[in-house]
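Trainee: need a 3D model of the sequence below.
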Amino acid sequence: MIRTLIVDDEPLARRKVRILLKPYTDFHIVEECVGGQEAADAIVRLNPDLVFLDICIPEMDGFRVLQSIEPDLLPDVVVVTAHEEYAVRAFEVHALDYLLKPFNRRRFNETISRVRHRLRGGKSEAKGRFLEWLRQTLAAGDHPDRLVVKSNGRILLLQTCRIEWIEAQGDYALLHVGKDSYLTRATLESLESRLNPKRFVRIHRSSIINLDFVNEFKPIWSGDYRVFLRSGTQLTLSRAFRQKLQVPTELWRP
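Mentor: Numbers count the residues shown, from 1 in each chain. Below is the predicted model:
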């Protein structure tokens, strides 16, 4: 059974996909979504195999939805759009296929054949290419302004600008947001790759800080520094991670 999510802000467009899918009994529609935040929440909560994803949707567009999801949770994607330029970009993000509105039954059937072929072998080649594209995109500086995490059974859409610092706890990470904290199953490495390096910096093997919340650095010993956050939290900047701050070397000298 191919668990399928439909994301489109137009009721008639969702209805069309639903009707065209009806003859295919190996596809099961798990939910329909209208906006980007709702879609990101549903992807994490429902873990679908496939998403028919419109690009021009409220809150955040379809590409931002994909960028906000932990890579291991990403489903395969069929891009649905009325804009040719987004159809071209569907190839850039290595979607399974794209449907350019208005599409007919014959074109839809071609997509279904392609989806079946790609999913038959488990993790699709297209998904592997998409993950590589995502890594390259994030490395280039195109970072989502919201982070989708699962914490204590809830799906959270956190504004990255509100995250003060992140603490490693084994295979989990504790995100500190104001007076609240959220424990999520993620490594610091995976979170670091999804966050804007101009704002978030790894200062220790067990911590990442948001530079917007830093008051000062004070030397302590062996090249390490004490980091003081606005909240009063004190952390350690390890000498091994100092270069990530891109501070001129002479400023670290006593």
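
Trainee: low-confidence ranges in the stretch 51-200 of the chain?
Mentor: Applying pLDDT under 70 to the stretch 51-200 of the chain flags the ranges 84-94, 121-144.

Trainee: all strands of it, in order?
Mentor: 76-81, 97-100, 146-151, 154-159, 165-169, 172-177, 180-184, 200-204 (DSSP state E, counting those that start in this stretch).

Trainee: packing partners of the first one?
Mentor: In other words, strand 76-81. strand 50-54, helix 84-92, strand 97-100, helix 105-119, helix 125-139 (3 or more Cβ pairs under 8 Å, 6 or more residues apart in numbering; DSSP states H and E). Bear in mind the C-beta positions are built from the backbone N, C-alpha and C, glycine included.

Trainee: contacting residues around residue 187?
Mentor: The contact partners of residue 187, taken as Cβ atoms under 8 Å, 6 or more residues apart in numbering, are 168, 171, 173.

Trainee: and those residues as JSON lines, adding distance to residue 229 and neighbour count?
Mentor: Shown next, in JSON lines, are those (distance: Cβ to Cβ, whole Å; neighbours: other Cβ atoms under 10 Å):
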{"residue": "168", "distance to residue 229": "17", "neighbour count": "19"}
{"residue": "171", "distance to residue 229": "25", "neighbour count": "8"}
{"residue": "173", "distance to residue 229": "17", "neighbour count": "25"}
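
Trainee: can you give me the neighbour number for residue 161?
Mentor: Residues lying near residue 161 (other Cβ atoms under 10 Å) number 12.

Trainee: of the contacts of residue 187, which is the nearest to residue 35?
Mentor: Nearest to residue 35 out of the contacts of residue 187 is residue 173 (Cβ to Cβ; 26.7 Å).

Trainee: which one is the closest one nearest to, not counting chain neighbours?
Mentor: Excluding the flanking residues, the one nearest residue 173 by Cβ to Cβ, 6 or more residues apart in numbering is residue 186, at 4.9 Å.

Trainee: go ahead and confirm that neighbour touches residue 151.
Mentor: No - using Cβ atoms under 8 Å as the test, residue 186 is too far from residue 151 to be in contact (9.9 Å).

Trainee: and for those two, which residues touch both?
Mentor: Common neighbours of residue 186 and residue 151 are not found (criterion: Cβ under 8 Å, 6+ apart).

Trainee: report pLDDT for residue 219.
Mentor: Confidence at residue 219, expressed as pLDDT, is 87.

Trainee: coming back round to it: pick the most buried one from the strands of the stretch 51-200 of the chain.
Mentor: strand 76-81 (a mean of 24; mean count of other Cβ atoms under 10 Å).

Trainee: correct me if wrong, but residue 227 is in a helix.
Mentor: No - going by DSSP: H, G, I helix; E, B strand; the rest coil, the assignment for residue 227 is strand, not a helix.

Trainee: beta partners for it?
Mentor: Here residue 227 sits in beta bridges with residue 217, residue 235, going by DSSP bridges.

Trainee: that one and residue 164, how far apart?
Mentor: 11 Å (Cβ to Cβ, to the nearest Å).
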